[in-house]
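> The sequence isn't on hand, but the structure is:
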């Protein structure tokens, strides 16, 4: 089932990485931020929204490692950031989708406004399809259920597929075996 | 037909982008749709959607009340609006009360339907569409030409022009760069807007949930950044339970764009906090605008099963030629013709519905299982009743309704045309079916109709008989096809009789909405056929077969002639198309078709009625293969050739490009013969190839089989 998720997500342009431990995943994310040139320069920052993945980390240490990384996510900080990091709650295999209970604005801003979205999801949170997802997470549980399948796209001009309209142009999915989710 | 409408068709035909982007999309759509549905049982899925949406359409009032209760319990405000004016007033007064200046919108057909932008702008608001396609057409001051791809009719050069004006900078026609400009321009609008307006793809009564399906992410921003969110929801979007979301969300992206799922699918159930932790407001407007009237109409209730995927446009052979500015108003294509008749007015749909050639492609792919061709015929019927038939049509049908006069006229035509006939074709035919038609020659009326020639055929006496229902074209233009049918059936030991009282099947009248005329034809034919002591009533014309099997009963029921139902059922039970009957005889071991050495290469054209109503596309292929004529498939073998009975006379400017595409597909196979099972298609395609000076021969399957059967003798 994970293979289905991975291949379907990749087929729509998402990048998928899997790690055994949170520490490895954190290392990967920090390296990614550095390689993307995240810095304290205006417009080159990153925002990291609160969630289980961040809860276990030492924020001060992270911020020291990557200048420009902020944990305060609001309209201004998210709009100015080039990378946004959030948790996702579930993977839906047959469409390569991430599902998140996104009631709080911070996670949504970090996932939508920057051009690169990094979503971290526990490896155990995997369902076959939408019907399966509703058994665990549905609009009964959240006021804003967000399903994300690949990056933002359009084909509105001459049917030519173009990535990254209003949402992120890149979606990096980080699957972590050692991570416990929140719901 | 309106003169401006004719001019609009002419203009669309000259628009290269319609033939370009739209044409390419419609060609690629079939494959991408099929791929998206791989591993899914589409028939089961759409039966589920039709059942759920159909049930919802039967309980709109209860579902609206339940939705209101659930949404209010989660803190949303719900407003019930019966008219477009009520929607506009509500939003304008809300905007005033909340001090709104800037509005961002994600794509909403419901808001297009009521021309919301104009009202908001007149109310002093700054309104920005944020879906790329919608923004483009907002800048162009146009309306969407497609429900899913609003700006499909514009080229990148035209888009660059529009954007250049907007940003006051000369932009190149480079699509990724243009998309980037849209992102930058609209990002500021998102961040500054006070009010976000969306539609909804689904509204769930049980949980008060709105489902929004998008690819660009604009609906997510519209429902997150501004402090007030208004969703305009047509009542037909209501479903009862959360589980009902699953089949709809499964089908919608696959049918719309061939995606497994769109990039974003958002399910909102109540207001959420704003970007700076402030409370936000959610207002849901449940809009009727004649949807409850539609639900109360036994014929049109099913149109509320539409999930707005636009697959009926994507597979429509007419839409892909003329686009949505001709074939549509707010809503486009087949479903557009139907919705216009209700959301605007019946007469507003007059020109739109006339574009439908009744090929049935849309019905095959509709995830809501809507019988679009039938509903369009119903509009035609109601229009014909309301405004009466045109004088010429009336005169023609008065002849068709009198079998003796009609047949006498056809016989007279065969004499009158004699000086003009040339190799079986004449250019200007004194025949009521004809008109000056570019790109196609018309057949000559046979010197001796089938009804006379058949008496001269020496047939074996048999207790097992089939009645041959010829239909006008085979009887009077292609009697040799009828003779071939007799030869093949004789070879299986079946005697063929020709009931003299048979007349026009009524299809021309029915497809023009003249049901009373079609009913008269049906009765004459039923009287001619019902008492015949035969096992089968066979026809080599699929349209006639459909009349015998389905349309006689349907037409008579529509005009309230219930007394004829029994006769219609008797005839329907015996009616069979030629290829299916022959296949049956072969399967029973009563007819052997010897395998010949393949000397001829053959391709096959699927006739609309044979494939999509009679479901007999395999039989002719199997029989031809048995006869040593395996079919080399052409591209889009089952796309309509543009004949459509009198359609090719009424709308020759659309029929001609459809025919050109078909001829092109035929010739690309390099086959020497194109086989088909419909005399109407034969008339169109043979005429087209003749006029183009092509050597490809056109034959009815019966003729090719008769050759083989005869040689065996």
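Looks like it arrived, so ask away. Not measured: the values here are computed from a predicted model.
> all strands of chain A, in order?
Along chain A, counting by DSSP state E, strands occupy A:15-19, A:45-48, A:69-70, A:81-87, A:90-92, A:97-101, A:116-122, A:126-127, A:144-148, A:153-154, A:162-163, A:170-176.
> okay, the ones you listed in TSV with mean neighbour count and distance to residue B:224 next?
All C-beta atoms are positioned from the backbone trio N, CA, C, and that covers glycine. Putting the strands of chain A into TSV (neighbours: other CB atoms under 10 Å in any protein chain shown; distance: least, CB to CB, whole Å) gives the following:
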stretch	mean neighbour count	distance to residue B:224
strand A:15-19	17	24
strand A:45-48	26	14
strand A:69-70	20	19
strand A:81-87	26	13
strand A:90-92	26	20
strand A:97-101	26	13
strand A:116-122	26	14
strand A:126-127	20	25
strand A:144-148	26	8
strand A:153-154	26	19
strand A:162-163	20	21
strand A:170-176	23	18
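> Save those as a markdown table, and put in mean pLDDT and distance to chain B too.
As requested, the strands of chain A are exported to a markdown table (pLDDT from 0 to 100; distance: least, CB to the nearest CB, whole Å):
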| stretch | mean pLDDT | distance to chain B |
| --- | --- | --- |
| strand A:15-19 | 97 | 15 |
| strand A:45-48 | 96 | 12 |
| strand A:69-70 | 94 | 14 |
| strand A:81-87 | 97 | 12 |
| strand A:90-92 | 98 | 8 |
| strand A:97-101 | 97 | 6 |
| strand A:116-122 | 97 | 10 |
| strand A:126-127 | 98 | 12 |
| strand A:144-148 | 98 | 4 |
| strand A:153-154 | 93 | 5 |
| strand A:162-163 | 92 | 5 |
| strand A:170-176 | 97 | 9 |
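> Buried ones in the helix or strand hosting residue B:46, by neighbour count?
In the assignment (DSSP states H and E), residue B:46 maps to helix B:42-57. For helix B:42-57, burial by neighbour count (16 or more other CB atoms under 10 Å in any protein chain shown) applies to B:42, B:45-46, B:48-50, B:52-54, B:56-57.
> List the first helix or strand encountered after that helix toward the C-terminus.
Downstream of helix B:42-57, the first helix or strand assigned by DSSP H and E is helix B:60-73.
> centre of the chain versus the helix or strand following that following helix, how much separation?
The helix or strand immediately downstream of helix B:60-73 is strand B:77-81, counting by DSSP H and E. In terms of CA atoms, centre = their mean, to the nearest Å, the centre of strand B:77-81 is set 35 Å apart from its chain centre.
> Strand B:77-81 vs helix B:60-73, what angle?
For strand B:77-81 against helix B:60-73, the angle by axes from the mean of the first three to the mean of the last three CA atoms, to 10 degrees is 160 degrees.
> tell me the mean pLDDT for the following helix or strand past strand B:77-81?
Per DSSP H and E, strand B:77-81 leads on to helix B:84-97 as the next helix or strand towards the C-terminus. Mean pLDDT, computed over helix B:84-97, is 97.
> Next one: the helix holding residue B:46, is it in contact with chain A?
No - against chain A, helix B:42-57 shows no contacts by CB under 8 Å from any CB of the partner chain, the least distance being 11.5 Å.
> Could you give the number of residues near residue 80?
By default, I'm working from chain A. Neighbourhood size, residue A:80 [other CB atoms under 10 Å in any protein chain shown]: 16.
> look at chain B instead
16.
> Who are the contact partners of it?
Applying CB atoms under 8 Å, 6 or more residues apart in numbering or on different chains, we find residue B:80 in contact with B:64, B:68, B:285-286, B:288.
> By neighbour count, which of these wins?
Neighbour-wise, the contacts of residue B:80 (other CB under 10 Å) top out at residue B:286, 27 neighbours.
> Tell me which stretches of chain A form helices.
A:2-11, A:22-35, A:52-55, A:59-65, A:75-80, A:105-112, A:130-136 (DSSP state H).
> and residue 47, what does it touch?
Just so you know, I chose chain A. Residues counted as contacts of residue A:47 (CB under 8 Å, 6+ apart) are A:69-73, A:77-78, A:81, A:83-85, A:109-110, A:114.
> Oops, wrong one, chain B.
Counting by CB under 8 Å, 6+ apart, residue B:47 touches residue B:369.
> now with 10 Å?
B:41, B:247, B:369 (CB atoms under 10 Å, 6 or more residues apart in numbering or on different chains).
> burial measure for residue B:5, as a count.
Residue B:5, neighbours per other CB under 10 Å, totals 15.
> What of the one 5 residues further on?
Around residue B:10 sit 12 other residues, with neighbours defined as other CB under 10 Å.
> okay, the residue nearest to it when sequence neighbours are not counted: pLDDT?
Of all residues not flanking residue B:10 in the chain, residue B:653 sits nearest, at 6.7 Å (CB to CB, 6 or more residues apart in numbering or on different chains). pLDDT, residue B:653: 90.
> Equivalent analysis for residue B:19, please.
Residue B:19 is assigned 71 on the pLDDT scale.
> same check, this time on the one 10 residues further on
Listed pLDDT for residue B:29 reads 93.
> That one - that's part of a helix, no?
Yes - the assignment for residue B:29 is a helix, going by DSSP: H, G, I helix; E, B strand; the rest coil.
> contacting residues for it?
By CB under 10 Å, 6+ apart, residue B:29 lies in contact with A:159, B:255-258, B:310-311, B:313-315, B:320, B:365.
> Can you list the low-confidence ranges for chain A?
Applying pLDDT under 70 to chain A picks out residues A:181-183.
> OK, now which residue of it is nearest to chain B?
Going by CB to the nearest CB, chain B is nearest to residue A:167 of chain A, at 2.8 Å.
> Stretch B:546-557: which residues count as buried?
Buried-residue list, stretch B:546-557, by 16+ other CB under 10 Å: B:546-556.
> could you dump the helices of chain A to CSV with distance to chain B?
Shown next, in CSV, are the helices of chain A (distance: least, CB to the nearest CB, whole Å):
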stretch, distance to chain B
helix A:2-11, 7
helix A:22-35, 21
helix A:52-55, 18
helix A:59-65, 19
helix A:75-80, 4
helix A:105-112, 5
helix A:130-136, 5
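> Please name whichever of the ones you listed is nearest to residue B:669.
Ranking these by proximity to residue B:669 (CB to CB) places helix A:2-11 first, at 33.0 Å.
> What is the subsequent helix or strand relative to the host helix or strand of residue B:383?
Here residue B:383, judged by DSSP H and E, is contained in helix B:372-387. Downstream of helix B:372-387, the next assigned helix or strand under DSSP H and E is helix B:391-400.
> Report the buried residues of that next one.
Going by neighbour count (16+ other CB under 10 Å), the buried part of helix B:391-400 is B:393, B:396-397, B:399-400.
> chain center to that helix, what's the gap?
Put simply, helix B:391-400 sits 27 Å off its chain's centre (CA atoms, centre = their mean).
> residues in contact with the one residue in chain B that gets nearest to chain A?
As assessed by CB to the nearest CB, chain A sits closest to residue B:217 within chain B, at 2.8 Å. By CB under 10 Å, 6+ apart, the contact list for residue B:217 reads A:111-113, A:148, A:151-154, A:164-168, B:106, B:130, B:183, B:262-264, B:266.
> any idea how far it is from residue B:343?
For residue B:217, the distance to residue B:343 (CB to CB, to the nearest Å) stands at 29 Å.
> now do residue B:274
Residue B:274 is 35 Å from residue B:343, by CB to CB.
> which stretches of the stretch 351-500 of chain B form strands?
For the stretch 351-500 of chain B, applying DSSP state E, counting those that start in this stretch gives strands covering B:425-426, B:442-443, B:465-468, B:495-497.
> out of the ones you listed, nearest to residue A:35?
strand B:442-443 (70.6 Å).
> Look up which residues are beta-bridged to the residue nearest the centre of chain A.
Closest residue to the average C-alpha location of chain A: residue A:119 at 1.8 Å, with CA atoms, centre = their mean. Per DSSP bridges, the residues bridged to residue A:119 are residue A:86, residue A:173.
> so what's the residue of chain A most remote from its centre up against?
For chain A, the residue at maximal distance from the C-alpha centroid (CA atoms, centre = their mean) is residue A:158, at 30.0 Å. Contacts here follow CB under 10 Å, 6+ apart; on that basis residue A:158 touches B:17, B:20-22, B:24-25, B:149, B:151-152, B:154-159, B:173, B:175.
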